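Colleague: sequence and predicted structure, then a few things I'm wondering about:
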Amino acid sequence: MPVPEPDDLKLLIDAAREGGKIAMRYWRKDPKVWDKGDGAGPVTEADFEVDGMLRDRLTAARPDYGWLSEETEDGTERLDKSRIFIVDPIDGTRAFVDGQTPFALSLAIVEDGQPTAATVFLPAKDKLYTAALGHGASLNGASIAVSSPAQPPRVLATKPNFDAKHWHGGVPELERHFRPSLAYRLALVAEGAFDGMFTLRDAWEWDIAAGALLVTEAAGRTSDVEGHALRFNNPHPQTRGVIAGPGVLHASVLDRLKVSARL
């Protein structure tokens, strides 16, 4: 099993806090915004500045680690690396542009496909989630754990996920909620604030790598929509959706989903 380097988590925490300062300089200050096209959504000058700072700082500290980020052009070099950074400089850019608080910086280190250190930082909420493989998960320094699911379970998901065509025997009894950042949704499950989350749409690795480690280190379960373990640093950096939550809820959602349930 991979073992996190002793200073890797501190490196991510310090970089995330610095990136949060940059993001907050632009938040609610009418930053420049561009449309990526092809339904990929907006990107702002803040995304680019945070991404550049993170790339420079992190790769200088760990020059032998690869790099994968939403706002950096991807290449094949990372595929030859045992360890890589997987970063989303601002997850929830639409919320950021609208002046809402639920946007996050998502930073992870992955070794041989498995996250070993992670932080999800929400600067506008002053919430710092952290995890290291084998050492548990925390929120602002206090240990966190997944919930004992309520009845009905409170889950984070978008409305299209609740179309009956995706489920055996109709949609299960679940109380639906939403937050705009996938990284934050996973963090909220790790915190026990919600019982679970799922997305049937293919998920970019930079949105979920850090949050996935938070959930598993908080004693939860994660998988793709077919029940396979999440693996990262794939040639095409997406997973076949995500299901996350306490073991019993994860299993029940997976059992009810049709194998073809992908948006």
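Modeller: Yep, it's here. Only a predicted model underlies this, so the values are computations on that prediction, with no experimental measurement involved.
Colleague: C-alpha from now on. contacts and neighbour counts both.
Modeller: OK.
Colleague: quick check: longest helix of this structure.
Modeller: For the chain, the helix that runs over the most residues, judged by DSSP state H, is helix 8-26.
Colleague: distance between that helix and the chain's centre?
Modeller: 16 Å (CA atoms, centre = their mean, to the nearest Å).
Colleague: list the buried residues of the host helix or strand of residue 250.
Modeller: Residue 250 is part of helix 247-256 when elements are defined by DSSP states H and E. Going by neighbour count (16 or more other CA atoms under 10 Å), the buried part of helix 247-256 is 247, 249, 250, 251, 253, 254.
Colleague: tell me the mean pLDDT over it?
Modeller: For helix 247-256, mean pLDDT is 96.
Colleague: what does stretch 223-237 give?
Modeller: Mean predicted confidence for stretch 223-237 is 97.
Colleague: over to stretch 94-113?
Modeller: 97.
Colleague: how close does residue 48 get to residue 90?
Modeller: To residue 90, residue 48 is 9 Å away according to CA to CA, to the nearest Å.
Colleague: neighbour count winner among the two?
Modeller: Taking neighbours as other CA atoms under 10 Å, residue 48 and residue 90 compare with residue 90 leading, 30 against 17.
Colleague: if I pick that one, what's in contact with it?
Modeller: Contacts for residue 90 (CA atoms under 8 Å, 6 or more residues apart in numbering) come out as 23, 47, 50, 103, 104, 105, 106.
Colleague: among those, which lie within strands?
Modeller: Among the contacts of residue 90, DSSP state E puts 104, 105, 106 in strands.
Colleague: so what's the first one bridging to?
Modeller: For residue 104, the beta-bridge partners are residue 91 (DSSP bridges).
Colleague: how many residues are close by it?
Modeller: Neighbours of residue 104 (other CA under 10 Å): 32.
Colleague: the last one now?
Modeller: Taking other CA under 10 Å as the neighbour definition, residue 106 ends up with a count of 30.
Colleague: how close does the nearest residue to it once chain neighbours are set aside get to residue 239?
Modeller: The shortest distance from residue 106 to any non-neighbouring residue, by CA to CA, 6 or more residues apart in numbering, is to residue 120 (4.6 Å). Applying CA to CA, the value for residue 120 to residue 239 is 19 Å.
Colleague: contacting residues for residue 87?
Modeller: 68, 69, 70, 105, 106, 107, 108, 206, 207.
Colleague: just for the stretch 101-250 of the chain, where's the confidence low?
Modeller: Along the stretch 101-250 of the chain, the model assigns pLDDT under 70 to no residue.
Colleague: the stretch 51-200 of the chain: helices as residue ranges?
Modeller: 93-97, 182-191 (DSSP state H, counting those that start in this stretch).
Colleague: which of the residues in the shortest one are buried?
Modeller: When you say that, I think you mean helix 93-97. 93, 94, 95, 96, 97.
Colleague: quick one: residues contacting residue 147.
Modeller: Contacts of residue 147 by CA under 8 Å, 6+ apart are 189, 191, 192, 193, 194, 195, 246.
Colleague: go with 7 Å
Modeller: By CA atoms under 7 Å, 6 or more residues apart in numbering, the contact list for residue 147 reads 192, 195, 246.
Colleague: just the strands from the stretch 101-250 of the chain, written as ranges.
Modeller: In the stretch 101-250 of the chain, the segments counted as strands under DSSP state E, counting those that start in this stretch are 104-111, 114-122, 127-132, 137-139, 142-143, 154-156, 175-177, 196-199, 203-204, 221-223, 238-239, 242-245.
Colleague: fine by me, thanks again.
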